[in-house]
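Novice: okay, here's the prediction I keep looking at, along with the sequence it came from:
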Number of protein chains: 2
Amino acid sequence: MRYRRDDVVARAIEVLDAHGLAALSMRRLAGDLGVQAGALYHHFTNKDALLAAIADEILRRGRRPAEIMAWDAELHLLCLGLRDAMRRHRDGAALIAHVHRADAEALERPLRAALERAGADADLARVGARTLLRLVLAHEDADDADFALGLGLLLDGLRARLG
Amino acid sequence: MRYRRDDVVARAIEVLDAHGLAALSMRRLAGDLGVQAGALYHHFTNKDALLAAIADEILRRGRRPAEIMAWDAELHLLCLGLRDAMRRHRDGAALIAHVHRADAEALERPLRAALERAGADADLARVGARTLLRLVLAHEDADDADFALGLGLLLDGLRARLG
DNA sequence: ACCTGAACACCGTTCAAGT
DNA sequence: ACCTGAACACCGTTCAAGT
């Protein structure tokens, strides 16, 4: 069989959903595709690059069109969207958290941008974005009420600084 | 050579500090001690148990005597203590975060207790403790000003609910 | 109580060579 | 462009047997 990069990502997401992140090894995925493990290195420079591509695809699928709204409502919606996207897949939060360690920038950018539009300075925008993102990643297993409570705590803190 | 459990933990912390969490394998640690890898399973049921013992020891070393103070000052101090303890070791935050995944309870308890003493109900105490802990783990690499800012955000949110 | 020796069932990664 | 075959240098874990 011959595959393109996107085929490999799609199959990797299937393995993830069916067997979890711990089972998603290069060898296992290759075996699933019916190719040798080394063949995957034609598509990705290493495993982290594959995981990043999976995270990209998961987040792309969960992306919704931007709307014009108040900054706190926007942050709320961004966090909910992120939470929904990652909860659609087994070990989604663990995967996103792993990728976030290597590239914090990409995930935090939309949150930071919303904070800056609300008048936050660079420091507050950066820290606020990071803290919100960590909150989302930390509460994957929490129910919606717990998540809303944690998010409310943080948004209150931000409101106290941004009016 | 013959070792006791505590010797192994102490040496593991040395390996951690010198070479990082990724290099801290059972085989490597055993080699460093001059024993076979299998010998470690006399002291720990598995690698996670070893990592938990390391985390315990790191946090034990960082523990300070309890003082009587306002709940928000106490939370502030607990978070600072946790941050200091884990920053004393290479990959300290990653190690604590890993152990926290398996046993969230132990690390969150003191934070939750402080929140309950402040009048928080069970939900707010649980979510507040978890969010604070995640904040500490998330900002290992941040400078003190960024950390203080993130912590301030959250404490403001808590103050708004607890008076 | 603590360790050896040896095995089992895995990993990620590289690379010359093939089509 | 994509894959094979085979190797390299590792993992965590188990367990009978030794002292």
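Specialist: It's in.
Novice: enumerate every residue touching residue A:119.
Specialist: Neighbouring residues of residue A:119 by CB atoms under 8 Å, 6 or more residues apart in numbering or on different chains: A:162, A:163. The C-beta positions use only the backbone N, C-alpha and C, and glycine is treated the same way.
Novice: now with 10 Å, please.
Specialist: Contacts for residue A:119 were tallied using CB atoms under 10 Å, 6 or more residues apart in numbering or on different chains; they are A:71, A:125, A:161, A:162, A:163.
Novice: so it, which state does it fall into?
Specialist: Under DSSP: H, G, I helix; E, B strand; the rest coil, residue A:119 falls in the coil class.
Novice: pLDDT score for it?
Specialist: pLDDT, residue A:119: 97.
Novice: so what's the backbone phi/psi at it?
Specialist: With angles defined as degrees, to the nearest 10, residue A:119 sits at phi 100, psi 10.
Novice: for chain A, what lies in contact range of DNA strand C?
Specialist: With the criterion set to CB under 7 Å from any atom of the strand, chain A comes near DNA strand C through A:23, A:25, A:26, A:27, A:28, A:37, A:38, A:41, A:45, A:46, A:47, A:48.
Novice: and the residues you listed as CSV, adding neighbour count?
Specialist: Output for the residues of chain A next to DNA strand C, formatted as CSV (neighbours: other CB atoms under 10 Å in any protein chain shown):
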residue, neighbour count
A:23, 13
A:25, 13
A:26, 17
A:27, 11
A:28, 14
A:37, 13
A:38, 10
A:41, 15
A:45, 9
A:46, 11
A:47, 14
A:48, 14
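Novice: between these, which is closest to residue A:96?
Specialist: Residue A:96 lies nearest to residue A:48 out of the residues of chain A next to DNA strand C, by CB to CB, at 13.3 Å.
Novice: tell me which element that closest one falls in.
Specialist: Element membership of residue A:48, judged by DSSP states H and E, is helix A:47-62.
Novice: same check on residue A:64?
Specialist: Residue A:64 belongs to no helix or strand, assigned by DSSP H and E.
Novice: the strand or helix carrying residue A:128 close to chain B?
Specialist: Using DSSP H and E, residue A:128 falls within helix A:122-138. Yes: contact of helix A:122-138 with chain B (CB under 10 Å from any CB of the partner chain) involves A:123-124, A:126-128, A:130-138.
Novice: just the buried residues of those.
Specialist: The neighbour count (16 or more other CB atoms under 10 Å in any protein chain shown) marks A:124, A:126-128, A:130-138 as buried among the residues of helix A:122-138 next to chain B.
Novice: which one among those residues gets closest to DNA strand C?
Specialist: Closest approach between these and DNA strand C, by CB to the nearest atom of the strand: residue A:137, at 21.7 Å.
Novice: thought residue A:26 was touching residue A:38?
Specialist: Yes: taking contacts as CB atoms under 10 Å, residue A:26 lies within contact range of residue A:38: 8.9 Å.
Novice: circling back to that earlier point, farthest pair within the residues of chain A next to DNA strand C?
Specialist: The farthest-apart pair in these, when distances are taken by CB to CB, is A:23 and A:45, at 22.0 Å.
Novice: what's the closest non-adjacent residue to the residue of chain A found nearest DNA strand C?
Specialist: Per CB to the nearest atom of the strand, residue A:38 is where chain A lies closest to DNA strand C, at 2.7 Å. Excluding the flanking residues, the one nearest residue A:38 by CB to CB, 6 or more residues apart in numbering or on different chains is residue A:30, at 8.0 Å.
Novice: just checking, residue A:13 touches residue A:19?
Specialist: No: counting by CB under 10 Å, residue A:13 does not reach residue A:19; the two are 11.4 Å apart.
Novice: which SSE is the residue nearest to the spatial centre of chain A in?
Specialist: For chain A, the residue nearest the mean C-alpha position is residue A:96 (4.2 Å; CA atoms, centre = their mean). Assigned by DSSP H and E, residue A:96 belongs to helix A:92-102.
Novice: what pLDDT, on average, does that helix get?
Specialist: Mean predicted lDDT for helix A:92-102 stands at 95.
Novice: now do that helix against helix A:47-62, angle only.
Specialist: 120 degrees (axes from the mean of the first three to the mean of the last three CA atoms, to 10 degrees).
Novice: check which residues of helix A:92-102 are buried.
Specialist: The neighbour-count check on helix A:92-102 (16+ other CB under 10 Å) flags A:92, A:93, A:94, A:95, A:96, A:97, A:99, A:100 as buried.
Novice: with stretch A:104-111 instead?
Specialist: Buried residues in stretch A:104-111 (16+ other CB under 10 Å): A:104, A:107, A:108, A:110, A:111.
Novice: what residues does that stretch touch?
Specialist: A:52, A:55-56, A:59, A:63, A:66, A:74-75, A:78-79, A:81-82, A:96-97, A:99-100, A:112, A:115, A:125-126, A:128-134, A:136-137, B:138, B:141.
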